[in-house]
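Colleague: whatever this is, show me its structure:
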Amino acid sequence: MRSDVSGKLTTALSALIVLMLSHTGHAHHGFANHFDHSRELTLEGTVTEFNFRNPHVTIHFEVQNGDGEAESWVAETGGSSGFLRSGRISRDSLKAGDHIQIVGHPARVTEQEMRAVDVILPNGEKLHMANPYVTIPSIGADTVATAQESVTPNLSGLWMPNRGRSDPWPSEPPFTEAGQAVFETVNARDDPSLRCLFNVPNIMTGIGPYPLEIIQRDDKVMFLYEQMHQVRRIFLDGRRPLEEDSIVGHSTGRYEGDTLIVETTNVRPLKNAGPPLQVIQSAALRVTERYTRVDDFLQAEITIDDPIYYREPWTVLKVWTWSPDAVIYEYACDDPRFNPVFQRQE
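Modeller: Take a look at the predicted model:
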């Protein structure tokens, strides 16, 4: 809930910081946790650089503080491929020299950094910069029923996350004392996705504007995620893991009736950022996914079982919508702040 904004802009390039109450949002990874959603910040200034890329679109701009001194700020939002899909903004939406007003949330720790929610242009046009969740029309249930006549449930195809039907990750999972102690030390910047890595279970979030493609074979099922181009292979032949651990672990699967059951172990322990994910993991982590197709929806019951960090297993429901007309865009994680491959050589 928002309160009245206090204060006034004093010059065309002055900065107005407005503290307001706001709802806590969910995002695809710890990027959201880096910002304080209980405060709202409004700044006015001039664009110096606009980067339309993954994993985050960034706006670099200059404002004048209360002492009349110039300050350089950066505002971030979701990745470019999501905006390409929604059509909301493009690489031509802003350019250096544009005078703008930005409304968003300040970083918790980093100075002169914010998460952009709205950008207001001089002509009054508003660019909504929050993560672009889109819904692609699905095909009819009759066609789905025809596809499901095979012995093995037909899960193949392109699926878009359905945020409205999906559960949020729990705000208070059943931590053990050891789990609570570890969680209290989590830093949002420890999130592996900020290094262009998406691990299990973070890749299962099911709320971002990025499609999932499922390919079924006799010996395996492949999950191809647009986000970070992550690939998961679910082996149906019972093979043993070739690696001691990896960020997506080792997944085996089986069909029970119309449900694909996936068991994932050997997940490399990493510090995940929370909230909202609230997921920490030890070497004992076991993730069980139960995928069932219901009409034109793919439902996944995801159970997190880690006896070191949780008193008992807990389950969330994630849902995707069958979207045969969806397009998987290139998701090049080319922000040099996160991917060392693209860092400038001095």
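Colleague: can you list the residue ranges for helices in the stretch 101-250 of the chain?
Modeller: In the stretch 101-250 of the chain, the helices defined using DSSP state H, counting those that start in this stretch lie at 141-147, 177-183.
Colleague: comparing these, which yields the minimum mean pLDDT?
Modeller: Note on the helices of the stretch 101-250 of the chain: helix 141-147 shows the lowest mean pLDDT, a mean of 38.
Colleague: quick one: low-confidence residue ranges for the stretch 1-150 of the chain.
Modeller: By pLDDT under 70, the weakly predicted segments of the stretch 1-150 of the chain are 1-33, 131-150.
Colleague: which parts of it are strands?
Modeller: 15-16, 41-51, 58-64, 70-76, 99-106, 113-120, 126-128 (DSSP state E, counting those that start in this stretch).
Colleague: need the ones you listed in JSON lines (columns: mean neighbour count and distance to residue 305).
Modeller: The C-beta positions use only the backbone N, C-alpha and C, and glycine is treated the same way. Shown next, in JSON lines, are the strands of the stretch 1-150 of the chain (neighbours: other CB atoms under 10 Å; distance: least, CB to CB, whole Å):
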{"stretch": "strand 15-16", "mean neighbour count": "18", "distance to residue 305": "48"}
{"stretch": "strand 41-51", "mean neighbour count": "19", "distance to residue 305": "40"}
{"stretch": "strand 58-64", "mean neighbour count": "19", "distance to residue 305": "38"}
{"stretch": "strand 70-76", "mean neighbour count": "18", "distance to residue 305": "34"}
{"stretch": "strand 99-106", "mean neighbour count": "20", "distance to residue 305": "34"}
{"stretch": "strand 113-120", "mean neighbour count": "21", "distance to residue 305": "33"}
{"stretch": "strand 126-128", "mean neighbour count": "14", "distance to residue 305": "39"}
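Colleague: excluding chain neighbours, what is closest to residue 98?
Modeller: The spatial neighbour of residue 98 that comes closest, neighbours along the chain excluded (CB to CB, 6 or more residues apart in numbering), is residue 47 at 4.4 Å.
Colleague: the one you found and residue 113: what is the separation?
Modeller: Residue 47 sits 16 Å away from residue 113, going by CB to CB, to the nearest Å.
Colleague: report the contact partners of the nearest residue to residue 127 once chain neighbours are set aside.
Modeller: Closest residue to residue 127 apart from its sequence neighbours, by CB to CB, 6+ apart: residue 119 at 4.3 Å. Residues in contact with residue 119, defined by CB atoms under 8 Å, 6 or more residues apart in numbering, are 59, 75, 94, 100-103, 126-127, 129.
Colleague: dump these into a markdown table; add distance to residue 204 as well.
Modeller: Below are the contacts of residue 119 laid out as a markdown table (distance: CB to CB, whole Å):
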| residue | distance to residue 204 |
| --- | --- |
| 59 | 30 |
| 75 | 28 |
| 94 | 33 |
| 100 | 36 |
| 101 | 37 |
| 102 | 32 |
| 103 | 31 |
| 126 | 33 |
| 127 | 30 |
| 129 | 26 |
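Colleague: before we move on, the earlier item: make CSV out of the strands of the stretch 1-150 of the chain and add distance to residue 171.
Modeller: Shown next, in CSV, are those (distance: least, CB to CB, whole Å):
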stretch, distance to residue 171
strand 15-16, 32
strand 41-51, 24
strand 58-64, 29
strand 70-76, 24
strand 99-106, 18
strand 113-120, 20
strand 126-128, 26
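Colleague: of all those, which one is nearest residue 251?
Modeller: Evaluated with CB to CB, the strands of the stretch 1-150 of the chain place strand 70-76 nearest to residue 251, the distance being 32.1 Å.
Colleague: show me what that closest one is packed against.
Modeller: For strand 70-76, the elements it packs on are strand 41-51, strand 58-64, strand 113-120, judged by 3 or more CB pairs under 8 Å, 6 or more residues apart in numbering; DSSP states H and E.
Colleague: roughly how far is that strand from the heart of the chain?
Modeller: Counting by CA atoms, centre = their mean, to the nearest Å, strand 70-76 is centred 23 Å from the centre of its parent chain.
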